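Engineer: Using only what follows, build the 3D model:
(one chain, ligands or ions: 1)
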Amino acid sequence: MKHLGRPVQDISITKESSLEKIFEQMSKSGGFESRNLANGLDVLTVMIKDNDCTPVAIINTHAHLDHIGAVEELKNEYSIPFYLNENEKMVLDSYEVTCQMFQMPVKSTPTVDRWISNESDLEFEGLTIKVMFTPGHTPGGTTFIIENHVFVGDTLFRGSVGRTDLPGGNWGVLEESLMRMIEEIPSNHIVHSGHGPETSLEKERQENPFLIPLEKQLNSEL
Ligand SMILES: [Zn+2]
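Structural biologist: Okay, here's the model as predicted:
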């Protein structure tokens with residue numbers, strides 16, 4: 001499939017590349033764990049080069065330190081804007097302190113160029129990105145949907161869900177987001193999590209111990 005763009009899990013949208021090919025590489029490289037991104041600007045730049053991509057934006061699912069480590073460098077390298085949900089500001093603002101807490105190299109906090117304040121689609125040269133607010137892991141956690149690919153950040157993993165014990169996390173809010181995902185995202189879409197392998201809502205609804213009770217709850221409300 002020839003198409004514009006790809007988001008990486010906290011990603012840059014690119015153009016003139018093959019989405020499928022890049023997603024395949026994402027899977028092989030461990031799903032773009034941003035742990036790689038924290039020290040691994042190279043992981044992205046090599047992938048961008050290998051696929052003849054031209055990044056046009058960086059759009060983050062959330063602002064935890066293991067998802068934004070390469071943002072400022074990518075911005076500078078490609079002169080592209082950084083998008084983030086406005087409710088994620090407090091997480092972003094705590095970046096440098098959190099780096100110190102986790103004894104990681106302290107980099108400067110990336111500057112946001114476009115705050116996402118509603119769920120209007122994002123458009124990039126013919127590529128449409130649907131926006132769904134999925135808070136709970138963090139206050140501004142956001143899911144992005146491109147065609148049949150869903151980028152959920154740390155909201156949902158294969159067999160698990162995002163932790164809610166970090167500042168701004170809220171279990172009840174995360175549950176509501178997960179229920180909304182079950183209801184609104186087609187169950188056969190490919191789900192790319194911020195860590196670990198890809199999955200689908202269909203699979204998680206059947207096997208994920210956190211989603212099974214939510215599924216039951218939804219069914220009892222019908
Ligand atoms: Zn996170």
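
Engineer: only C-alpha atoms for contact and neighbour calcs from this point on.
Structural biologist: Will do.

Engineer: buried ones in stretch 100-111?
Structural biologist: Buried residues in stretch 100-111, defined by neighbour count with 16 or more other C-alpha atoms under 10 Å: Val106, Lys107, Thr109, Pro110.

Engineer: same thing with stretch 181-196?
Structural biologist: Counting neighbours by 16+ other C-alpha under 10 Å, one finds that the buried residues in stretch 181-196 are Met181, Ile182, Ile185, Ser187, His189, Ile190, Val191, His192, Ser193, Gly194, His195, Gly196.

Engineer: Equivalent analysis for stretch 48-55, please.
Structural biologist: The neighbour-count check on stretch 48-55 (16+ other C-alpha under 10 Å) flags Ile48, Asn51, Cys53, Thr54, Pro55 as buried.

Engineer: And for stretch 66-85?
Structural biologist: Buried residues in stretch 66-85, counting neighbours by 16+ other C-alpha under 10 Å, are found at 66-72, 74-75, 80-85.

Engineer: Including distance to Leu92, could the buried residues of stretch 100-111 go into JSON lines?
Structural biologist: Putting those into JSON lines (distance: C-alpha to C-alpha, whole Å) gives the following:
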{"residue": "Val106", "distance to Leu92": "13"}
{"residue": "Lys107", "distance to Leu92": "12"}
{"residue": "Thr109", "distance to Leu92": "7"}
{"residue": "Pro110", "distance to Leu92": "8"}
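
Engineer: roughly how far apart are Thr128 and Ile212?
Structural biologist: 31 Å (C-alpha to C-alpha, to the nearest Å).

Engineer: brain fart, Glu202
Structural biologist: With distances defined as C-alpha to C-alpha, the gap from Glu202 to Ile212 amounts to 11 Å.

Engineer: Show the pLDDT at Glu16.
Structural biologist: According to the predicted model, the pLDDT of Glu16 comes to 41.

Engineer: what's the answer for Ile48, then?
Structural biologist: pLDDT, read off for Ile48, is 84.

Engineer: Quick one: list the elements packing against the helix or strand hosting it.
Structural biologist: Ile48 belongs to helix 41-50 when elements are defined using DSSP states H and E. Counting by 3 or more C-alpha pairs under 8 Å, 6 or more residues apart in numbering; DSSP states H and E, the packing neighbours recorded for helix 41-50 are helix 34-39.
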